[in-house]
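Engineer: Generate a structure from the sequence data that follows.
(2 chains)
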Amino acid sequence: MRRPVLATASPTTGIARTLRALLIPSLALLAALLAGAVVMILSGDDPMAAYGGLFKGAFGDGKGWARTIRKTIPFVLTGLSVALAFKVSLFNIGASGQFVMGSVFAVAVGINFEGLPVYVHLPLALIAGIAGGLLWGAIPGILKVYTGAHEVIVTIMLNYVASLLGGWTVYAGGTQGQTPGPLWDRTAGAISETPDVLHSAQIPWLFGPPYRVHYGVFLALAAAILVWWLIFKTPLGFEMRTVGHNMRAARYAGIRVNFTIILTMALAGGLAGLAGAIETLGLNHKFAPEFGGAVGFDGITVALLGQTHPIGVLLAAFMFGALDGGAATMQFESGVPADIIQIIQALVLAFVAAPLIIRLIFRLRPQSQEDAGSAVSTSWGGT
Amino acid sequence: MTEAQPAQARQPGAGAPKLEALGITKLFPGVVANKDIDLTLHEGEILALLGENGAGKSTLMNIIYGLYQPTEGQIRVDGSPVVMHSPRDAIDLGIGMVHQHFQLVPVMSVVDNIMLGSETVDRGLLDRQGVSARIQELSQRYNMAVDPNSIIEDLPVGVQQRVEILKALYRNAEILILDEPTSVLTPQEIEGLFEVMELLRSQGKSIIFITHKLKEVLRIADRIAVLRRGEMVGEADPAAASQENLAALMVGRKVTLEVEKEPASAGDVLLQLRDIDAYTDLGEPALRSVSLDVRAGEIVGVAGVQGNGQTELVEVVTGLRPAAGGSVLINSVDMTNASPRRITEEGAICHVPEDRHMYGMVDAYSVADNLVLSSYYKKPFSSGLTMNQQAIAQHAEELVARFDVRTPSVRASGASLSGGNQQKMVVAREFGRPIRLLVAAQPTRGIDVGSIEFIHSQIVAKRDEGIAVLLVSYELDEIMALSDRIAVMFHGRISAILPRGQATREKIGLLMAGVSVEDETNAL
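Structural biologist: Have a look, this model is predicted:
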């Protein structure tokens, strides 16, 4: 009962393909901003003033740009983490926990080993962060392969475990003399946090205070390029994509499917772990439970908005960075609460995940099956 | 005979036009699926609708069954125009359809399946007894023995098909559409189906019989309509038509139906299976102590009704399914439960899989990427860290030309090709590298006659090069045409291995149905 398919694939040029890929995300953002405007009007606010403030806050001056870039960095890495897993039809909900583990591992190295030179200490701390995430990502991969446990469930549970584990490491001890956590700062009194990372393990400023942009931005860019190269240019990436598209065909082609799944989950975890390490070593300079992994969940939105393509993830992360970067100024200038930004971000996800709504709103014709949205649906089909 | 002409009836009791399709055109975006088709089905006749895959048979039937609306044209039942919005409207008009893939709930009983969707209720409860009585009456009248209380999944495929037919008759169908009904049956079951069809015809039912098998058409049809590329290209009278001219009508050019080949000169044993046991994904026994040899330069065909262990046999040989017992020797090397890659490399084996979409290709990949699916990691396609797109594209251009894969470009996605060209793409990849053993499962499933001809000749050419060929097919004709020896599988066992010379359709048909044959020849 299949429809006949014409043997004519329109030879689309690279530019046309890129534009088509940008279409749905751009429209999703537009629709989300419009919906946000409606919410503002309903609550008696002026959307023009709000969005004006948002833009000014994100791009108005050097400090605005610095904020935007600073916020973009972790979105890039957690977005890449989720996107990489998507390429193998794996749904990594665990970027949050992997981020926390990356932070904890990085800080554990960063507050110790006094006297190491920066070119040893900093890379060591970063590698520790990657290793923490790698480990936390590999676990759901291994469980999926050997027990059939679905990675969505396991990664969600591991988020809780990571969050509580992270909290324990910096636990300040209780009034009844409970043992404090191993990484707790003894000078912090009742506050649960680590000491500051040693200078030799801090990522240097690119522009010093008040801009607070550090060299981590280049790490994020390099990671995006590396992931792109891995996925599209290497035999390993070919194997990963084959497993993602058609697991049976992958086995038929002699690809080690189980190994690929574990490796992908580990690499995805490593990327989120790197995000945690960079945030800790470059910005916060310490770990505390409130530096948790909300940015890990945003990685899902960023990956979907970026059509699970590394370059798309860069753009989407930049957009989310700008939204976050401008939120405070928006509230200050227009009185619209900054929380509206979260509503808009959530709506973006809703619209990207449901491209049919966007097609309906903007009256677009249905597209080929290779829609980015299908990445989500296929990930639930596999075992 | 190739000219369209109104076939004068030899059929008994053909009456007034029962169903008419007038000027049916159906457009899909970019595709004309049906173009100005006229089709008339008379009362009490069996009309065969013949055409290749993608010729528009299914579209036409879906229009008649109310699943699609025609872009242009009209359907008439008993002379009056009708508009159908769903299959329910079609059923109300007395049109019943038996789909190629049965629409039955396996865990439910025959009664429940038959009344599903038109349940009879007696004081708020399902009236199973009443329905059961009607089923028995129907099955007696049409000579289709079925126990209304048995569970569908316990029934043989042939009986399940009867349930589908009964389901249509229960809904008072006067017009029956049978979509490729013989593809899942043994020769004997096919004969049984034809008897039922003849009985239905004698009681005034009108039947549209969709198929691509020429023999069957000539055996049962009163009239033959041939579709090609969405157009009605002619009608034929089975009394006057031959397989050759029907095939020519279907394809649009002359085709050779017989595969020309010299007698095999078999060499050393290349594939040796000893007492293989294996299980299905559900843990049920699939192979029971299967032993089989394939020699260099011969084609061993495995015949049998689908689901008797053939799939698992191929998977065990190619390393996709573990053998629970026994041994697989390829070129005298033990390859039992070796990884698929080791078997491909060391065994120099290639595998045309049974289901190309499930195993053989990645729909979203380009033709070029699909063509390196089993060799992407080797030089020159991959040099250490990176893949060499240029080498991959060049390799693709060569194979596309050599195997006549019709594609606008090697960058076009695999999904955009027609079924026949997708299969040629798979065959090109597998045949295009140095091999010693060829495992081909359903190598021509669902593809056009022209491509079948080509793939068959390629398989014979491989044999003549001295390659050992294990061929699995559910089409007995294909097995008979290609094999030098024929192994018949039933319930996970090889029930007999016959040299081609001793194999008759009847004998193999009986073996396929599990009947043991007296003078069984075990030429291992």
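Engineer: Can you pull the residues of the stretch 201-350 of chain B lying near chain A?
Structural biologist: Remark: the part of the stretch 201-350 of chain B in contact with chain A comprises B:318, B:320, B:339, B:340, B:341, B:344, using Cβ under 8 Å from any Cβ of the partner chain. Yep, even glycine has a C-beta here, placed from its N, CA and C like the rest.
Engineer: Filter those down to the buried ones.
Structural biologist: Buried residues within those, counting neighbours by 16 or more other Cβ atoms under 10 Å in any protein chain shown: B:318, B:320, B:340, B:341, B:344.
Engineer: which one of those sits closest to residue A:99?
Structural biologist: Relative to residue A:99, the closest of those is residue B:341; by Cβ to Cβ it sits at 36.0 Å.
Engineer: so that closest one sits right up against residue A:254, yeah?
Structural biologist: Yes. Counting by Cβ atoms under 8 Å, residue B:341 does reach residue A:254; the two are 3.1 Å apart.
Engineer: if I look at the closest residue to chain B within chain A, how far off is residue A:243?
Structural biologist: Nearest residue of chain A to chain B, counting by Cβ to the nearest Cβ: residue A:254, 3.1 Å away. Distance of residue A:254 to residue A:243, given as Cβ to Cβ, to the nearest Å: 12 Å.
Engineer: Neighbour count for these two, which is higher?
Structural biologist: residue A:243 (27 against 22; other Cβ atoms under 10 Å in any protein chain shown).
Engineer: neighbouring contacts of stretch B:18-37?
Structural biologist: Applying Cβ atoms under 8 Å, 6 or more residues apart in numbering or on different chains, the external contacts of stretch B:18-37 come out as A:3-6, A:8, B:38-43, B:56, B:59-60, B:63-64, B:68, B:70-79, B:95, B:174-175, B:206, B:208, B:227, B:230-232.
Engineer: These in helices, which ones?
Structural biologist: When DSSP state H defines the helices, the subset of the contacts of stretch B:18-37 inside them is B:59, B:60, B:63, B:64.
Engineer: Burial check on residue 93, number of neighbours?
Structural biologist: Using chain A here. Using other Cβ under 10 Å, residue A:93 has 22 neighbouring residues.
Engineer: ah, I was thinking of chain B
Structural biologist: When neighbours are counted by other Cβ under 10 Å, residue B:93 registers 19.
Engineer: Return the residues in contact with it.
Structural biologist: B:77, B:82, B:84.
Engineer: Tell me the spacing between it and chain A.
Structural biologist: Distance, residue B:93 to chain A, by Cβ to the nearest Cβ, to the nearest Å: 20 Å.
Engineer: Next, that residue: phi, psi?
Structural biologist: Backbone torsions of residue B:93, given as degrees, to the nearest 10, read phi -90, psi 0.
Engineer: In which helix or strand does the residue of the stretch 1-150 of chain B found nearest chain A reside?
Structural biologist: In the stretch 1-150 of chain B, the residue that lies nearest chain A is residue B:54 (4.6 Å; Cβ to the nearest Cβ). Assigned by DSSP states H and E, residue B:54 belongs to no helix or strand.
Engineer: Now it, what are its backbone angles?
Structural biologist: With angles defined as degrees, to the nearest 10, residue B:54 sits at phi 80, psi 10.
Engineer: do you know how far it is from residue B:499?
Structural biologist: For residue B:54, the distance to residue B:499 (Cβ to Cβ) stands at 37 Å.
Engineer: quick one, which of those two is more surrounded?
Structural biologist: Using other Cβ under 10 Å, the more surrounded residue of residue B:54 and residue B:499 is residue B:54, with 24 against 12.
Engineer: Verify the stated contact: the more buried one with residue B:448.
Structural biologist: Yes. With contact defined as Cβ under 8 Å, residue B:54 reaches residue B:448; the gap is 7.4 Å.
Engineer: Could you list the low-confidence segments of the chain?
Structural biologist: Unless you meant another one, I'm taking chain A. Judged by pLDDT under 70, chain A has its weakly predicted residues at A:1-14, A:365-383.
Engineer: Correction: the question concerned chain B.
Structural biologist: Along chain B, the model assigns pLDDT under 70 to residues B:1-14, B:257, B:517-524.
Engineer: domain parsing for it?
Structural biologist: According to automatic domain parsing, chain B comprises the domains B:1-94+B:174-254, B:105-173, B:256-348+B:435-524, B:361-433.
Engineer: Tell me the residues of the stretch 1-150 of chain B that contact chain A?
Structural biologist: The stretch 1-150 of chain B has residues B:28, B:30, B:31, B:33, B:54, B:56, B:58, B:59, B:62, B:67, B:99 near chain A, with proximity defined as Cβ under 8 Å from any Cβ.
Engineer: Phi, psi for the closest residue to the last one other than its chain neighbours please.
Structural biologist: Nearest residue to residue B:99 in three dimensions, chain neighbours excluded: residue B:179, at 5.4 Å (Cβ to Cβ, 6 or more residues apart in numbering or on different chains). In terms of degrees, to the nearest 10, the main-chain angles of residue B:179 are phi -90, psi 110.
Engineer: Do I have it right that residue B:179 meets residue B:103?
Structural biologist: No. The pair residue B:179 / residue B:103 is not scored as a contact, 10.9 Å apart, by Cβ under 8 Å.
Engineer: Could you check which of the two has the larger neighbour count?
Structural biologist: In terms of neighbours (other Cβ under 10 Å), residue B:179 is the more surrounded of residue B:179 and residue B:103; the figures are 21 against 12.
Engineer: Okay, that one and residue B:448: tell me how far apart.
Structural biologist: Counting by Cβ to Cβ - residue B:179 and residue B:448 are separated by 18 Å.
Engineer: Enumerate the residues of the stretch 151-300 of chain A near chain B.
Structural biologist: Proximity of the stretch 151-300 of chain A to chain B, by Cβ under 8 Å from any Cβ, involves residues A:233-235, A:238-239, A:242, A:245-246, A:248-249, A:251-256.
Engineer: tell me the secondary structure for residue A:70?
Structural biologist: Three-state assignment for residue A:70 (DSSP: H, G, I helix; E, B strand; the rest coil): helix.
Engineer: Now do the contacts for it.
Structural biologist: Applying Cβ under 8 Å, 6+ apart to residue A:70 gives the contacts A:212, A:213, A:283, A:321, A:325.
Engineer: 10 Å instead?
Structural biologist: Contact analysis of residue A:70 by Cβ atoms under 10 Å, 6 or more residues apart in numbering or on different chains lists A:211, A:212, A:213, A:214, A:216, A:217, A:279, A:282, A:283, A:321, A:324, A:325.
Engineer: same check, this time on residue B:113
Structural biologist: Contact analysis of residue B:113 by Cβ under 10 Å, 6+ apart lists B:102-107, B:148, B:151-152, B:160, B:163-164, B:166-167.
Engineer: can you give me how far stretch B:263-280 is from the chain middle?
Structural biologist: Distance of stretch B:263-280 from its chain centroid, counting by Cα atoms, centre = their mean, to the nearest Å, is 25 Å.
Engineer: Does the strand or helix carrying residue B:270 pack against any helices or strands, and if so which?
Structural biologist: According to DSSP H and E, residue B:270 maps onto strand B:269-279. With contacts taken as 3 or more Cβ pairs under 10 Å, 6 or more residues apart in numbering or on different chains; DSSP states H and E, strand B:269-279 sits against strand B:285-295, helix B:310-318, strand B:325-330, strand B:437-441, strand B:468-472.
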